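*Asks:* after the sequence you'll find the predicted model.
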Amino acid sequence: MKKLKDRWGIDSNWQLFIIFLVFAITGSSSAKLASPLCELLNITQENTAWGIYWALRILLIFPIYQVLLVSFGWIFGQFQFFWAFEKKMLHRLGLGKIFNI
């Protein structure tokens, strides 16, 4: 855990726990919110090929996850960490220039 705390610039185990909690809540929430959005867009397993369904679902989950990560980070008092994490992730995906971050 010490390596992770040093890498992320975290001082306490409590802050590390909160960050892990935010990651867990965000992942679960984004996957859960994608279901009604898929149904709203009529993307279901019954009327879409298996591979296309999952590709579209993942494409929907990605932006939901990004927004929720920063939002839950803010709610749990870790906005600075998650905003920096988000910017780094977008840059690594090549999207930093698109969003001008």
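*Replies:* Noted; the coordinates are in hand.
*Asks:* going forward, measure contacts and count neighbours with C-alpha atoms only.
*Replies:* Noted.
*Asks:* residues in contact with the residue nearest in space to the middle of the chain?
*Replies:* Centroid-nearest residue in the chain: Tyr65, 3.2 Å away (criterion: Cα atoms, centre = their mean). With contacts defined as Cα atoms under 8 Å, 6 or more residues apart in numbering, Tyr65 is in contact with Thr26, Gly27, Ser30.
*Asks:* how much space is there between the first one and Leu4?
*Replies:* In this structure, Thr26 and Leu4 are separated by 20 Å, where distance is defined by Cα to Cα, to the nearest Å.
*Asks:* looking only at neighbour counts, state which of the two leads.
*Replies:* Neighbours of Thr26 and Leu4, each counted by other Cα atoms under 10 Å, are more numerous for Thr26; the result is 22 against 10.
*Asks:* next SSE downstream of the helix or strand that contains that one?
*Replies:* Applying DSSP states H and E as the criterion places Thr26 in helix 13-40. Remark: after helix 13-40, the chain's next helix or strand is helix 50-75, criterion DSSP H and E.
*Asks:* taking their axis directions, that following helix and helix 13-40 sit at what angle?
*Replies:* Put simply, helix 50-75 runs at 140 degrees to helix 13-40, going by axes from the mean of the first three to the mean of the last three Cα atoms, to 10 degrees.
*Asks:* show the average pLDDT along helix 50-75.
*Replies:* In this model, helix 50-75 has a mean pLDDT of 90.
*Asks:* please name every helix or strand in contact with the helix or strand following it.
*Replies:* As assigned by DSSP H and E, the chain's next helix or strand after helix 50-75 is helix 79-92. Judged by 3 or more Cα pairs under 8 Å, 6 or more residues apart in numbering; DSSP states H and E, the packing partners of helix 79-92 are helix 50-75.
*Asks:* quick one: buried residues of the helix it packs on?
*Replies:* 53, 57, 60-61, 64-66, 68-74 (16 or more other Cα atoms under 10 Å).
*Asks:* low-confidence ranges, this structure, go.
*Replies:* For the chain, applying pLDDT under 70 flags the ranges 96-97, 99-101.
*Asks:* and if we set it to 90?
*Replies:* Applying pLDDT under 90 to the chain flags residues 1-11, 31, 34-60, 62-63, 87-101.
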